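# fold the following for me, if possible:
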Amino acid sequence: MIIDFHTHSFPDDIADRAVGRLAQSGGIPNYLDGRVDSIKASMKKAGIDYSVLLPIATKPSQHTTINKIAIETNKSFKSTGIISFGTIHPDNDDYKTIISDLAKAGVPGIKLHPVFQRTNIDDPRCLRIIECANDNDLIVSIHCGMDISFPNCDEASVERLANMIKEVPPHKLVLAHMGGWSMYDEVCDQLIGTPNVWLDTALVLKSTPDNNFLSKEKFVQMVRTHGSDHILFGTDSPWSDQSESLHLLRTSGLTPEELTAMWSGPHSHRRRQRRHTARQFPDKYTITIFLLPQGQQHNALPAPPARTGNEQAKSGTAPCRVALHYKRIVILPVFPPL
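Numbering: from 1, shown residues only. Prediction:
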């Protein structure tokens, strides 16, 4: 099983405008048109099982609509392969309510983009959000390093990220772009090896790398120093091609075992068992993504709730959860099979 942990999409009615504007400002080509249907077609071509959408609220007023879409998207993740995070803006003073509502709705995490949101990641407004997300057991994904659209930005610098981690110890923290796009030496000096921190591979490899991208040798070094079980495969689609991104990883010099740790589910026989279990419960699903510390196995997951009499009678409608073990998504029934 392969999971792309870093993708983006837009509502159909604004996708062309949004992608076109971002492509022009960053001088970077888009490989898809930014619509969910395009991601699903790309996933099928690349052999990717799940893609995680990371929406961004660039204004405080946007979270309501974006999070409503995220919750609706997740209701059909089994058939679409699309899982969405929620979003929040640092200027949302009702951040506790927003985060609590996302957690209650089963949304697995939130996305912060300090550059687009024009707020330093070590600003108290961001720190309070991260702390609240920790308290609600949500994953926090953060854009890190420079941004191709804003060459002189500082909001998500490695120094600020290190300050953030000192102020709010990470719980389930995902640092995008290998911890800092175009700032990889600083990442190696200050962030590599930090406990409870995962790095994603979005937009860091290129067939002809330049100073903004990692060489294969440097990439492999960073993966092995941080630990492949704490690296998440991500593409930043539509800003890179999912098939090409997989090819770049497969030809990077990592071992098959290291690649499996980054993107795969459990061993094949367990995958088959869980797929069979999932087919027994096709109707109602909720999503939980677990980022387990190194060394913990799937039996360390929280125990499922007891099945009630009514639920026992409905043998075909038990909800399921998606669990990410060492960044691996597997489908587990919330209620044990009869």
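
# when you work out contacts or count neighbours from here on, use the C-alpha atoms and nothing else.
Noted.

# what about the strands in the protein?
3-7, 50-53, 82-84, 86-87, 109-112, 139-142, 173-175, 197-200, 231-232, 320-325, 328-333 (DSSP state E).

# so what secondary structure elements neighbour the fifth one?
Judged by 3 or more Cα pairs under 8 Å, 6 or more residues apart in numbering; DSSP states H and E, the packing partners of strand 109-112 are strand 86-87, strand 139-142.

# in its sheet, what does the first one sit against?
Each strand pairing with strand 86-87, determined using DSSP bridges, is listed with its direction: strand 109-112 (parallel).

# CA atoms of the partner strand as CSV?
This file holds the C-alpha atoms of strand 109-112, laid out as CSV (Å, rounded to 0.1, in the frame of the first residue of the first chain):
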residue,chain,number,x,y,z
GLY,A,109,-5.0,16.5,11.5
ILE,A,110,-4.5,20.2,10.6
LYS,A,111,-2.3,22.0,8.1
LEU,A,112,-0.4,25.2,8.8
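
# all further residue positions should be reported with the first residue as 27.
With the count now opening at 27, the last piece we talked about shows up as strand 135-138.

# distance from that strand to the middle of the chain?
Averaging C-alpha positions (Cα atoms, centre = their mean, to the nearest Å) puts strand 135-138 8 Å from its chain's average.

# now swap in stretch 252-261 and tell me
On Cα atoms, centre = their mean, the centre of stretch 252-261 falls 11 Å from that of its chain.

# what about it, how long is it end to end?
19 Å (Cα to Cα, to the nearest Å).

# who's in contact with that stretch?
With Cα atoms under 8 Å, 6 or more residues apart in numbering as the test, stretch 252-261 has contacts from 29-33, 218-220, 223-229, 249, 267-268, 271, 284-285, 287-289, 320, 352-353.

# buried ones from the residues you listed, can you make that a PyMOL selection?
To isolate the buried subset of these in PyMOL, counting by 16 or more other Cα atoms under 10 Å, use the following:
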select buried, resi 29+30+31+32+33+218+219+223+224+225+226+227+228+229+249+267+268+271+284+285+287+288+289+352+353
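
# the helices in this structure, which residues?
Shown for the chain, the helices assigned by DSSP state H span residues 38-52, 62-72, 89-100, 103-106, 121-130, 150-161, 184-193, 210-216, 242-252, 268-276, 282-289, 294-306, 335-339.

# orientation of the first one relative to helix 62-72 in degrees?
Comparing the axes of helix 38-52 and helix 62-72 via axes from the mean of the first three to the mean of the last three Cα atoms, to 10 degrees yields an angle of 70 degrees.

# can you tell me which helix or strand of the protein has the lowest average pLDDT?
Every helix and strand in the chain was compared by mean pLDDT, DSSP states H and E; the lowest is helix 294-306, with a mean of 32.

# quick one: low-confidence ranges for the stretch 177-326 of the chain?
For the stretch 177-326 of the chain, applying pLDDT under 70 flags the ranges 290-326.
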